[in-house]
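*Asks:* sequence first, then the predicted structure, then my questions.
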Amino acid sequence: MILDRSRSYRGLAARLSRTAVLLGARILALAIAALGAGTAHAEPVRIGVSERMAAAPLHVAANRGYFEREGLEVVLTVVADGDALVEGLAEKRFDLATLGTNRLLQANATGLDLRGAYVLARSGTADALVADGDIADTRRLRGRRVAVVPDSPGDLLLRWALQRKGRRLANVEVVPLGGDAAVRALLDGDVDAAALHGLDLGAFAEDATAEGTTTARFRTLATAADTPGLVDDLLVGAEASLDTGKTVTKGVVRAIDRAIGWMRRHPEETRALLGNVDVDADTGMTRKARGVALAGALRGTAFLDVAENMDLLRGEFQKAFSRMSEVLDAGGVERAREIPSANRFLALSALRQVAAGR
């Protein structure tokens, strides 16, 4: 029997060629899968967020899919209490959290090694001290009942507003209320003043005048805009976690940076998106009133992208941090007596690498 070897060889070559193609495709698929596995974070990134406006870019990033673009599965947990955020970090229930600079300093005074990785926002008119109309300035708060959440950014604002008029927190009767409860207490006359933030200020917006005070019933005694940088909000994590999870932190920073860019280009869509985020208590506001309050809160908050972070952290942040520290020190808050260096409380490696395009 004579074999047609040329045909056999051609058939074998064809089969080998097809096998090589299939094998190559298989290897390519495995390589792509391996690459994806290398860039994706295996475990969800757990971020505790406050009800402050500074958390807005995180909500936008989650809604717009910016975390997924970075290969991250992010779980946002809204927490109303700053102490609960600190505890969540200490107990490793959160990988990252949003926290005011004053709370970061106070947490470190208790022995926790928490560090700021990114300045999310600087508050302006989004934090305000609102009082009964017969109280002309903070000197007249002496002996009065003031609603404020202890150790909150509102607490810091109240301390500063009192100090600049020669008063101290001990000169007022602190009523530990915040949010909707503080608004209702002020409206009902149960307190004489309240340190309020964000949407809570919407209850008093309709009476606002061009001078920034209200009609005879209520007036604004002070806002964070009176001393820029006093009230800053950071993205914070445990120092060890930030070191070991630098790749994750870089992904979160890039997602936030992208979210802030989108917010600036799409202000109306931002308000609509955040208006559907259930981050606060039921204030009894109509949808229209909530929209007006949200617009005012966003205008009163300066969100910072990566480039602005780098500019701020070159020096201005240290000045603001020192000012904040001095306010706490004058109020008798326990901490080291010397004015601390802001760099001691920051871990900026991830931010710097993102800024450098890495």
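*Replies:* Perfect, I can see it now. Residues are numbered from 1 along each chain as shown.

*Asks:* count the neighbours of Tyr118 for me.
*Replies:* 28 (other Cβ atoms under 10 Å). From N, CA and C alone the C-beta is placed, and that goes for glycine too.

*Asks:* quick one: low-confidence ranges for the stretch 101-250 of the chain?
*Replies:* 206-216 (pLDDT under 70).

*Asks:* same thing but 90
*Replies:* The stretch 101-250 of the chain contains residues with pLDDT under 90 at 203-217, 240-241, 243-245.

*Asks:* so which residues of it form helices?
*Replies:* 101-109, 153-163, 179-187, 239-244, 246-265 (DSSP state H, counting those that start in this stretch).

*Asks:* closest to Gly133 out of these?
*Replies:* Nearest to Gly133 among the helices of the stretch 101-250 of the chain is helix 179-187 (11.3 Å), distances taken as Cβ to Cβ.

*Asks:* quick one on the thing from earlier: export the helices of the stretch 101-250 of the chain to CSV and tack on distance to Val60 and mean neighbour count?
*Replies:* Shown next, in CSV, are the helices of the stretch 101-250 of the chain (distance: least, Cβ to Cβ, whole Å; neighbours: other Cβ atoms under 10 Å):
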stretch, distance to Val60, mean neighbour count
helix 101-109, 22, 22
helix 153-163, 21, 25
helix 179-187, 22, 20
helix 239-244, 23, 16
helix 246-265, 4, 20
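
*Asks:* which of these sits closest to Arg69?
*Replies:* helix 246-265 (7.1 Å).

*Asks:* output the strand of greatest length in the chain as PDB, restricted to C-alpha atoms.
*Replies:* Counting residues, the longest strand in the chain under DSSP state E turns out to be strand 114-123. What follows is strand 114-123, C-alpha atoms only, in PDB (Å, rounded to 0.1, in the frame of the first residue of the first chain):
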ATOM      1  CA  LEU A 114      -4.200  57.000  62.100                       C
ATOM      2  CA  ARG A 115      -3.000  59.000  59.100                       C
ATOM      3  CA  GLY A 116      -4.600  61.200  56.500                       C
ATOM      4  CA  ALA A 117      -4.000  60.000  52.900                       C
ATOM      5  CA  TYR A 118      -6.000  62.700  51.000                       C
ATOM      6  CA  VAL A 119      -7.700  66.000  51.700                       C
ATOM      7  CA  LEU A 120     -11.300  65.500  50.500                       C
ATOM      8  CA  ALA A 121     -12.700  68.900  51.200                       C
ATOM      9  CA  ARG A 122     -12.400  72.300  53.000                       C
ATOM     10  CA  SER A 123     -15.600  73.500  54.500                       C
END
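
*Asks:* what's the angle from that strand to helix 246-265?
*Replies:* 0 degrees (axes from the mean of the first three to the mean of the last three Cα atoms, to 10 degrees).

*Asks:* what angle separates strand 114-123 from helix 101-109?
*Replies:* Orientation check (the same axes, to 10 degrees): strand 114-123 against helix 101-109 gives 170 degrees.

*Asks:* where in the stretch 251-358 of the chain is pLDDT low?
*Replies:* Applying pLDDT under 90 to the stretch 251-358 of the chain flags the ranges 275-292, 314-315, 329-343.

*Asks:* excluding chain neighbours, what is closest to Thr220?
*Replies:* Ala128 (5.2 Å; Cβ to Cβ, 6 or more residues apart in numbering).

*Asks:* Thr89 and Leu157, how far apart?
*Replies:* Just to correct that, residue 89 is Leu rather than Thr. According to Cβ to Cβ, to the nearest Å, Leu89 stands 24 Å off from Leu157.

*Asks:* whoops, Leu112 was the one
*Replies:* With distances defined as Cβ to Cβ, the gap from Leu112 to Leu157 amounts to 24 Å.

*Asks:* now swap in Asp132 and tell me
*Replies:* Using Cβ to Cβ, Asp132 is found at 18 Å from Leu157.

*Asks:* perfect, that will be all.
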